[in-house]
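Peer 1: turn this into a model:
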Amino acid sequence: QLQAFGGGLVQYGGSLRLSCVASGTIYSINDMSWYRQAPGKQRELVASISNSDFTNYGISVKGRFTISRDNAKNTVYLQMNNLKPEDTTVYYCNAFVHRDRWFGSFYWGQGTLVTVSS
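Peer 2: Residues are numbered from 1 along each chain as shown. Presented below is the predicted three-dimensional model:
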């Protein structure tokens, strides 16, 4: 399973760091990602990172957010700087986890709320 941490209330222009830890039997983890979903809107990709550290960012966060991972800890991070009120929403982590050499599946974390006050 995946468990996300680090959401909270921050002022405009502030920073937060989200973490997401994969647990259970893990053989390997491929892509790890962060998504967000505002009420009434589709879930959108915030950032993703491959197991070779190739990164990809959504247009609205490029230059402000940084995704990274620690493979030894099965953890993905999202450093969010220069936060804006429009970044307010629930953030979800996602990862493709191999439980053994042959079987893999996507997993979602439970979501963590980020609120940016103006």
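Peer 1: show me the strands in this structure, by range?
Peer 2: For the chain, applying DSSP state E gives strands covering 2-5, 8-11, 16-22, 28-37, 44-49, 55-57, 65-70, 75-80, 89-98, 104-108, 112-117.
Peer 1: center of the chain, which residue is that?
Peer 2: The structure's the chain has its C-alpha centroid closest to W34; by CA atoms, centre = their mean the separation is 2.7 Å.
Peer 1: so who does that residue touch?
Peer 2: If you count contacts by CB atoms under 8 Å, 6 or more residues apart in numbering, W34 has them with 18, 20, 45-48, 67, 76, 78, 91-94. Heads up, the C-betas are built off the backbone N, CA and C, glycines and all.
Peer 1: let's go with 6 Å and repeat that
Peer 2: Applying CB atoms under 6 Å, 6 or more residues apart in numbering to W34 gives the contacts 46-47, 78, 91, 93.
Peer 1: quick check, nearest of the residues you listed to S118?
Peer 2: Nearest to S118, judged by CB to CB, of the contacts of W34 is Y91 at 18.9 Å.
Peer 1: bridge partners for that closest one, pull those for me.
Peer 2: R36, T112 (DSSP bridges).
Peer 1: contacting residues for it?
Peer 2: 18, 34, 36, 112, 114.
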